[in-house]
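> Generate coordinates for the sequence data below:
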Amino acid sequence: MKQLFRNITLVAVALMLTTTACDDGFAELNTNPNAAIEINPNFQFSWIQLRTSGERYENWRAVLIYSSTMMQHLATTCGYWSGDKYFYNAGYSSSLFDRQYTQAVKDIQDLIATLESGTAGDQTMLGMARIWRTVIFHRLTDIYGDIPYSEAGKGFIEGIDFPVFDTQEFIYKDMLKELEEGIAQISDDPNQPGFGSADFLFSGDKGKWRRFGYSMMLRLGMRMSEVDPAEAQKWVEKAIQGGTLQAGEDAFIEHTNGPEGINRNGIGEVLDLTNGSAGEGCPRLSATFVNWMKDHNDPRLDIIGTLPVNGTEHNGMPNGLDTETLLDNPTGTSADDFSTVNQAIVKVSSPMMFLTVAESELLLAEAAVRGWHSGSAQQHYENGIRAAMKNWERFDASIVVEDAVIDQYLADNPFDEANAMQQIGEQYWAATFLNEYETFSNWRRTGYPELTPVDYPNNVTGGTIPVRLVLPQGELGVNPNMQDALNRQSLGTNFPDHFSVPVWWDK
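Have a look, this model is predicted:
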């Protein structure tokens, strides 16, 4: 842990002058062109991983206020939680774009350019950096659709102040290529050690990085299942042949309690009530989520939730209520009547999950159902549930779901081949609680779980669940290439309407 703080302190000092929190577009990012490439690649990689995990700003807005409530993991009566009512808030919606392009995108491009120049690092470092670059852009394109990709972050390197907005189809095909080539660059040569302890994901373990790369390939391949099944199957089969993450190999960053804004968990900075600078009491567990867990006698409910102040059993809050309409709600009329998120899993020191074994196993189950994998769909399904339940031990050592409890759950909720896609989709929803970007994306692709939308007065979608977040309005005035993306995606300049226009792979 001391080494972790030492690394972060050094990274912070080196990068604070090169990273900006302003949201004023790409031209303003291109200052001090020599600073980033002078940074030790190890420290820079650590910094990039932490910036990808994100800080309070985008985790509060894009993860919690929007994604978690739209996906009915959480609910709230607080008016500024726009996602629960399908309201448009420009700053909340663009928060992931604003932060990632000014931080992670810019620095990963600088790092890759440094490694490609041969002046520092090795091929293994480059392979890992290319995989991580895909992690960054994968989130961005899934949330926003067409985005700056091929020219993004190249102001320092090539003087590109106004990058083009690439199509999501192009981005996906290039990301898959980058994964394949990045994995191949991870060498067993001991003279190419990679990032070692500067890698907060796997401490430089090359085998885990390869399997992580193939698991990312599996996720991206499956994301194309409805828009281009043949291409999707090709990449899914490559990923399976390469070998995906094994038991105990979840891809996550273990955060610590400080320094603020550098290595704290961004979700924890919002929901950890002991964190006096940011903790808040607005959200409750959604009735949709709680009732599903009750129906399945799911032991995770006692892990994810804390009993209501006014109650002896879990009770979820319906989505789409405010403090006035709550008074007419038959299941509770006060916020204290509903279950809250367990504080043990939302600390500022909690891990941030990027891709878990549970997700990979459930995707493998789906691949088997589709006939893209010769393995047992039932076995992968059960592996996924088991891994999802065991995963909570990473958040707190006291959270243990005994094997016998999991065995009973599987017996009570057996795999049903006739309803396999629904079962897998619902379990994926349960397994990705707090990894809300992924929850949002997989729901849009599969349609599971079948959520009932809210129709709060004056919402901007006509009472349908949003299917993307909205690009920053200010970018249109800064980067003229954004207009091409708006035209291509049938997005006009009435930005609230963008919520209702699906991304390329969402069919």
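
> low pLDDT regions in the protein?
Under the criterion of pLDDT under 70, the regions of the chain flagged as low confidence span 1-38, 119-121, 156, 277.

> most distant residue from the middle of it?
Distance from the C-alpha centroid of the chain peaks at Asp328, with 35.2 Å (C-alpha atoms, centre = their mean).

> Tell me the bridge partners for Thr340.
According to DSSP bridges, the residues that bridge with Thr340 are Thr306.

> I'd assumed Thr306 was in contact with it.
Yes. Counting by C-beta atoms under 8 Å, Thr306 is a contact partner of Thr340 at 4.9 Å. All C-beta spots, glycine's among them, are computed from the backbone N, C-alpha and C.

> Those two - which one has more neighbours?
Between Thr340 and Thr306, Thr340 has the larger neighbour count (other C-beta atoms under 10 Å), namely 21 against 14.

> sec struct for the residue sitting nearest the centre point of the chain, please.
Against the mean C-alpha coordinate of the chain, by C-alpha atoms, centre = their mean, the closest residue is Tyr437 at 3.9 Å. Under the three-state scheme (DSSP: H, G, I helix; E, B strand; the rest coil), the conformation of Tyr437 reads as helix.

> Wait, it touches Arg139, no?
Yes. At 5.4 Å, Tyr437 counts as touching Arg139 under the criterion of C-beta under 8 Å.

> Between those two, which contacts overlap?
A shared contact of Tyr437 and Arg139, defined by C-beta atoms under 8 Å, 6 or more residues apart in numbering, is any residue touching both; here these are Leu96.

> Any figure for the gap between the residue nearest to Leu327 when sequence neighbours are not counted and Thr325?
With C-beta to C-beta, 6 or more residues apart in numbering as the criterion, Leu327 has its nearest non-adjacent residue at 5.2 Å, and that residue is Thr333. Applying C-beta to C-beta, to the nearest Å, one obtains 10 Å for the distance of Thr333 from Thr325.

> same check, this time on Asp396
Here Asp396 is placed at a distance of 35 Å from Thr325 (C-beta to C-beta).

> same deal with Glu361?
When distance is defined by C-beta to C-beta, Glu361 is 40 Å away from Thr325.

> residue ranges for the strands of the stretch 51-200 of the chain, please.
The residue ranges that make up the strands of the stretch 51-200 of the chain, judged by DSSP state E, counting those that start in this stretch, are 74-75, 147-148, 165-166.

> May I see those organised as TSV, with distance to Asp506 and mean neighbour count added?
What follows is those, written out as TSV (distance: least, C-beta to C-beta, whole Å; neighbours: other C-beta atoms under 10 Å):
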stretch	distance to Asp506	mean neighbour count
strand 74-75	22	28
strand 147-148	15	26
strand 165-166	17	24
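
> can I get these in TSV with distance to Tyr448?
Listed next are these as TSV, based on distance: least, C-beta to C-beta, whole Å:
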stretch	distance to Tyr448
strand 74-75	19
strand 147-148	26
strand 165-166	29
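
> mind listing the strands for the stretch 351-500 of the chain?
Taking DSSP E, counting those that start in this stretch as the criterion, the stretch 351-500 of the chain carries its strands at 352-355.

> quick one: the helices in it?
With DSSP state H, counting those that start in this stretch as the definition, the stretch 351-500 of the chain shows helices at residue ranges 357-370, 377-390, 403-412, 420-431, 436-446, 473-478, 481-488.

> which neighbours do Thr333 and Thr325 share?
Listed as contacting both Thr333 and Thr325 by C-beta under 8 Å, 6+ apart is no residue at all.

> Which of the strands of the stretch 51-200 of the chain sits closest to His380?
strand 74-75 (28.5 Å; C-beta to C-beta).

> For the closest one, which outside residues touch it?
64, 68-69, 84, 283-287, 289, 316-321, 338, 341.

> Quick one: neighbours of Asp497, just the number.
Each residue near Asp497 was counted by other C-beta under 10 Å, and the total is 15.

> With Thr446 instead?
Should you count by other C-beta under 10 Å, Thr446 turns out to have 19 residues around it.

> Identify the residue nearest it in space, chain neighbours excluded?
Looking at Thr446 with C-beta to C-beta, 6+ apart, the closest residue is Gly425, at 4.4 Å.

> and the one you found, what is it in contact with?
Gly425 sits in contact with Asn442, Trp443, Thr446, Gly447, Tyr448, Pro449, where contact means C-beta under 8 Å, 6+ apart.

> Buried members of these into PyMOL, please.
Typed into PyMOL, the next command selects the buried ones out of these (criterion: 16 or more other C-beta atoms under 10 Å):
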select buried, resi 442+443+446+448+449
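
> As TSV, the contacts of Gly425 with distance to Ile406 would be great.
Formatted as TSV, the contacts of Gly425 follow (distance: C-beta to C-beta, whole Å):
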residue	distance to Ile406
Asn442	22
Trp443	24
Thr446	24
Gly447	27
Tyr448	22
Pro449	21
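
> for the contacts of Gly425, which one is nearest Ser53?
Taking these together and measuring to Ser53 by C-beta to C-beta, the closest member is Asn442, at 19.8 Å.

> The closest residue to that closest one other than its chain neighbours and Glu393, how far apart?
In space, not counting the residues next to it along the chain, Asn442 is nearest to Tyr428; the distance is 5.3 Å by C-beta to C-beta, 6+ apart. Noted for Tyr428: a distance of 20 Å to Glu393, by C-beta to C-beta.
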